[in-house]
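Participant: I need the structure of the sequence given here:
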Amino acid sequence: MRSISGVIATLLLLAAFTGCDNNEEAFPDAAFKACVEKRLKDYSGFDGKDYKIENDNDLEVIKILACGGGGISSIKGSERLLNVQTLALNQNQIESVEPLRHLKKLELLNIATNKIVDLEPLAEASSLRNINIMGNYVKDILPLSPLKNLRDLYVKNNCIVDASQFDTLRTAIPELSIWDEDIQDPSRCQ
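Facilitator: Have a look, this model is predicted:
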């Protein structure tokens, strides 16, 4: 009986270490993973080092990442891009920006033409200076109020029906310019 339990324990340990591909867990969206891998390959070509997506230290080399129009639905894994400053994720199928929550160096973010509703996770990305959310389903821009470095916000074609949000956000961030702050047809957003 003791040898069977030992075999089972060994198998469980092996499964824990080999049955799980950390790379797949970190970047579950194949299109997003491919974009990150391509960017790492670009960096590898610049300085002759072989950067790998599995290595968190290698991911730190990425400062600019453009994954627009790539059919991406999840950006899970972007939380590992600790040094990214410019991130273009426009024209995808992204619904959540949660993985961007703790990206303290992120300054420019283009998430135009996606399926985003909630901006609350961006409230902690304290270095954000420019955000393009055009063509999403955002109703509330007030979660961006803590972003004191924010200077430009592009909001056209969202679901904002309360125009007082624009003034409230400008009061919270006096240097902010809000572009295309038209009130949208609410039928688009139902």
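Participant: Centre-most residue in this protein?
Facilitator: L100 (4.2 Å; CA atoms, centre = their mean).
Participant: Correct me if wrong: it contacts L82.
Facilitator: No. Using CB atoms under 8 Å as the test, L100 is too far from L82 to be in contact (11.7 Å). Just so you know, the C-beta spots here come from the backbone N, C-alpha and C atoms, and that holds for glycine as well.
Participant: List the contacts of the residue nearest to the centre of the chain.
Facilitator: The contact partners of L100, by CB atoms under 8 Å, 6 or more residues apart in numbering, come to I75, S78, E79, L87, L106, L109, P121, L122, A125.
Participant: Of these, just the buried ones, PyMOL syntax please.
Facilitator: PyMOL command restricting these to the buried ones, with burial defined by 16 or more other CB atoms under 10 Å:
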select buried, resi 75+78+87+106+109+121+122+125
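Participant: tell me which of the contacts of L100 is nearest to V36?
Facilitator: Using CB to CB, S78 comes nearest to V36 of those, at 8.2 Å.
Participant: ok now do the closest one, which residues does it touch?
Facilitator: Taking CB under 8 Å, 6+ apart as the test, what S78 contacts is F32, V84, L87, P99, L100, L103.
Participant: V97 now?
Facilitator: I75, I111, I116, D118, L119, P121, L122.
Participant: Can you list the buried residues in stretch 162-177?
Facilitator: Neighbour counts over stretch 162-177 (16+ other CB under 10 Å) mark Q165, F166, L169, I173, L176 as buried.
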